[in-house]
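In: Build me a model from this:
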Amino acid sequence: DDIDLNSPPGFLGEVVRWVNGQCLYPLPSLSVAVSLIGISALSQGRYIDEKDGITTNLMVFCTAGSGTGKESVQKALAEMLRAGAQEKNMYGGLKSEQELIRNLVRCPSSTYCIDEFGIILGKITNAKKSGAHYLEGLIAAIMSIYSKADSFYLPTGDMKTDMEKHI
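Out: Okay, the predicted model is just below:
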C-alpha cells in the first residue's frame, strides 16, 4: 500500500518526472509506461537481469481519453529516442506483417507508438472480410516476435527471400 507505482525510485523516477514535466496536464500512468518504453528502446535488449535472465523487451498498451494530452507524452518518447539517436526506429503505425519484419531486420529495437490503436485492431479483426489479407498474420507475428526476447524469431522462407532482395 505504501508503494506509488506512478512515482518509481531512481533513474526511472527521474525519467518519469521529466516526461510529466513535458505535459500541460500530467498523465502519471502514461508517463511511467513511456519512460519504461524509452529506457527499453534505448538499451536495445543489451541488458539482461542476472537473476532471472529477463531482457528489456516490452509491449505496452496505454489508454487515455480524448483531449487528455496524450500527444505530449508521445512527443516526450520521441524526444527520448531522438536524444539517444534512435528516432529512426520509431514508427507511428503498422501496415503489414511484412513491414513489421522488415523494420525489425533494420533495427531489432523497433518502437511503435500508435495513436488510436483500437482502429488498427478493428482493421485486423475484419481483414478477411475486407480483403486486407496483409493484416491477417500481424497479431500472430507480434506475439511470436515478442516471445523471442532472449532468442531468435525465424521468419518464413518467402519472407527471408523478400528481405534478402530488400537488403
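In: show me where this protein has helices.
Out: Read by DSSP state H, the chain holds these helices, from start to end of the chain: 10-21, 28-43, 70-83, 97-106, 117-125, 127-130, 138-146, 157-166.
In: most tightly surrounded among the ones you listed?
Out: Comparing the helices of the chain on average neighbours per residue, with mean count of other Cβ atoms under 10 Å, the densest one is helix 28-43 at a mean of 20. All C-beta atoms are positioned from the backbone trio N, CA, C, and that covers glycine.
In: CA atoms of the lowest-mean-pLDDT helix or strand in the chain as CSV?
Out: Taking mean pLDDT, DSSP states H and E as the measure, helix 157-166 is the helix or strand of the chain with the lowest mean score, a mean of 80. C-alpha atoms of helix 157-166 as CSV (Å, rounded to 0.1, in the frame of the first residue of the first chain):
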residue,chain,number,x,y,z
GLY,A,157,11.3,-18.8,-46.3
ASP,A,158,9.4,-16.4,-48.6
MET,A,159,9.8,-13.6,-46.1
LYS,A,160,13.6,-14.3,-45.9
THR,A,161,13.8,-14.2,-49.7
ASP,A,162,11.9,-10.9,-49.7
MET,A,163,14.2,-9.5,-47.0
GLU,A,164,17.3,-10.6,-48.9
LYS,A,165,16.1,-8.8,-52.0
HIS,A,166,15.3,-5.7,-49.9
